[in-house]
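Q: Okay, structure incoming, though there's no sequence with it:
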């Protein structure tokens, strides 16, 4: 019998330890119920990556969209948030259909489009302006206000946090009146 050889044992150990490090970052959803909290949420599961060539924001049929499991994931997160005491929130969404549908299925309030949450996947030249607009929007939110949920894309979340998140997962921030709110942890995806 041949023995498997792994050339970088330290990498294997790091991969085994990663779930424990991530678990320490997970917050209870009740954290979002505190004043001045923002959940930056990645849209629910939509199979694939990016969008088809020639997609249009005004035509959902031309985009990558949620499938049945993504719709169930978004609805389940909305129920989890309600059980955590968040019955209403200010809800903002990227203009992409998969984000708008995720936001609507949370059933936490009227969904407002926010172009600063739009994807810049495949359009790196838009990154800096998009992130600056989002940071400016965050700075204008009341540090003692009601919960805010912002449904966006992986690239946007990574630009603000330096890390990725699974579909239906996200980061919770504490507003502080600046364009760099404090990230306090993550939520698990269903």
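A: In hand now; what should we look at? Here the structure is a predicted model, which is why all the values come from computation and not from measurement.
Q: Name the residues of stretch 31-49 that are buried.
A: Neighbour-count burial for stretch 31-49 flags 31-33, 36-46 (criterion: 16 or more other C-beta atoms under 10 Å). Where you see a C-beta, it was placed from the backbone N, CA and C, and this is true even at glycine.
Q: Can you flag which of those belong to strands?
A: Under the assignment DSSP state E, the buried residues of stretch 31-49 contribute 37-42 to strands.
Q: ok, those residues vs residue 74, which is closest?
A: Nearest to residue 74 among these: residue 41, at 9.3 Å, using C-beta to C-beta.
Q: Low-confidence ranges, this structure, go.
A: The chain contains residues with pLDDT under 70 at 1-24.
Q: For it, which segments count as strands?
A: 37-42, 90-93, 111-113, 148-152, 170-174, 182-187.
Q: Which neighbouring elements make contact with the fourth one?
A: Read it as strand 148-152. strand 37-42, strand 90-93, helix 97-106 (3 or more C-beta pairs under 8 Å, 6 or more residues apart in numbering; DSSP states H and E).
Q: Okay, now the sheet partners of the second one, with direction.
A: Read it as strand 90-93. In the sheet, strand 90-93 lines up against strand 111-113 (parallel), strand 148-152 (parallel) (DSSP bridges).
Q: Rebuild those strands as CSV, extending it with mean neighbour count.
A: Putting the strands paired with strand 90-93 into CSV (neighbours: other C-beta atoms under 10 Å) gives the following:
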stretch, mean neighbour count
strand 111-113, 15
strand 148-152, 27
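Q: how about these, which one is nearest residue 129?
A: That would be strand 148-152 among the strands paired with strand 90-93, by C-beta to C-beta, at 15.2 Å.
Q: what's the angle from the closest one to helix 97-106?
A: 150 degrees (axes from the mean of the first three to the mean of the last three C-alpha atoms, to 10 degrees).
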